[in-house]
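Trainee: Output the structure for:
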Amino acid sequence: MLPWSRLLRPLTALLLTAAVALLPAATTAHAADTRPSTGWNDYTCKPSAAHPRPVVLVHGTFGNSVDNWLGLAPYLKNRGYCVFSLDYGQLPGVPFFHGLGPVEKSAEQLAAYVDKVLTATGAAETDIVGHSQGGMMPRYYLKFLGGAAKVNALVGIAPSNHGTTLSGLTNLLPYFPGVGDLLNEHTPALADQVVGSDVLTKLNAGGDTVPGVRYTVLATKYDEVVTPYRGQFLDGPGVRNVLLQDLCPLDFSEHLAIGLFDRIAFHEVAGALDPAHATPTTCASVFG
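Mentor: Modelled structure (predicted):
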């Protein structure tokens, strides 16, 4: 039997699913409407010679363009990057919690947003950094929507590249008639991220990568959401798969922490964006 601590996050996700289904449709506020003065999403920002590509941050399921990036966005901004983040996968009447719509539609939103960023900055390419679904969904854009011509690198932080069993919880879905239909109807993105989904089967058919893009995957062995964690890793040329505990055995970050405030992960992101000037990541990188 799984310990309760490992079941907590999957159960929270299912409870949020139920909450989404019950939210009143009259609620229309969005995270972007109350965005603080963040220092990123500055469309007057022009990339420097040192960092010639803008960075687009792609939040995870139930995330949004602000809350998911209160740690990493300033970290990159302070290092001289033009940083942008989008909201995607919104469902009608659901405020703040995004990344819930079908992955294919979310990839279309990302495609439009990348074009907007490239037009504003004058850059020829961008780099994408995504957390959870936000590390997987851009691969659909790269593979099927022409994104490979506009993206230099994709950095996935705990990405759902090959789906998740939610610590085995999704294996129970066949025993609860109607639950799968609830996921599909109210939160398609969750259904799309289950191991063996139609979307993931299509995405990974013929290989995990596309030519011309550098891929980095950052994973933690303590991930309790995208399980098993090795399913996050990619195969193919131009791929670097990183287990944070190989860099720092004292890093105990789980699925949310690795994207929200893990500065060891942030140091690896910076190195992946600028490999020519990357320095080794160690436990001391938390102070960098």
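
Trainee: From residue 222, how far off is residue 99?
Mentor: 22 Å (CB to CB, to the nearest Å). Where C-beta positions appear, they are placed from N, C-alpha and C, glycine not excepted.

Trainee: the more surrounded of those two?
Mentor: residue 99 (28 against 16; other CB atoms under 10 Å).

Trainee: you'd agree the more buried one is up against residue 67?
Mentor: No: counting by CB atoms under 8 Å, residue 67 is not a contact partner of residue 99; they are 11.4 Å apart.

Trainee: Between these two, which contacts overlap?
Mentor: Both residue 99 and residue 67 are contacted by residue 59, under the criterion CB atoms under 8 Å, 6 or more residues apart in numbering.

Trainee: these two touch, right, residue 54 and residue 46?
Mentor: No: counting by CB under 8 Å, residue 54 stays clear of residue 46, with 9.2 Å between them.

Trainee: Which neighbours do these two have in common?
Mentor: With CB under 8 Å, 6+ apart as the test, residue 54 and residue 46 both reach 82, 121.

Trainee: So the two - more neighbours on which side?
Mentor: More neighbours surround residue 54 than the other of residue 54 and residue 46, with 24 against 12 (other CB under 10 Å).

Trainee: Give the full set of residues in contact with the more buried one.
Mentor: When contacts are counted by CB under 8 Å, 6+ apart, residue 54 touches 45, 47, 81-84, 117-118, 121, 123, 126-127.

Trainee: and if we set it to 7 Å?
Mentor: Residue 54 sits next to 47, 82, 84, 117, 121, 123, 126 when contact means CB atoms under 7 Å, 6 or more residues apart in numbering.

Trainee: How far does stretch 277-288 sit from its chain's centre?
Mentor: Relative to its parent chain, stretch 277-288 has a centroid offset of 22 Å by CA atoms, centre = their mean, to the nearest Å.

Trainee: next one: stretch 142-162
Mentor: The chain centre lies 10 Å from the centre of stretch 142-162; the measure is CA atoms, centre = their mean.

Trainee: gap between the two ends of it?
Mentor: Stretch 142-162 has an end-to-end distance of 16 Å (criterion: CA to CA, to the nearest Å).
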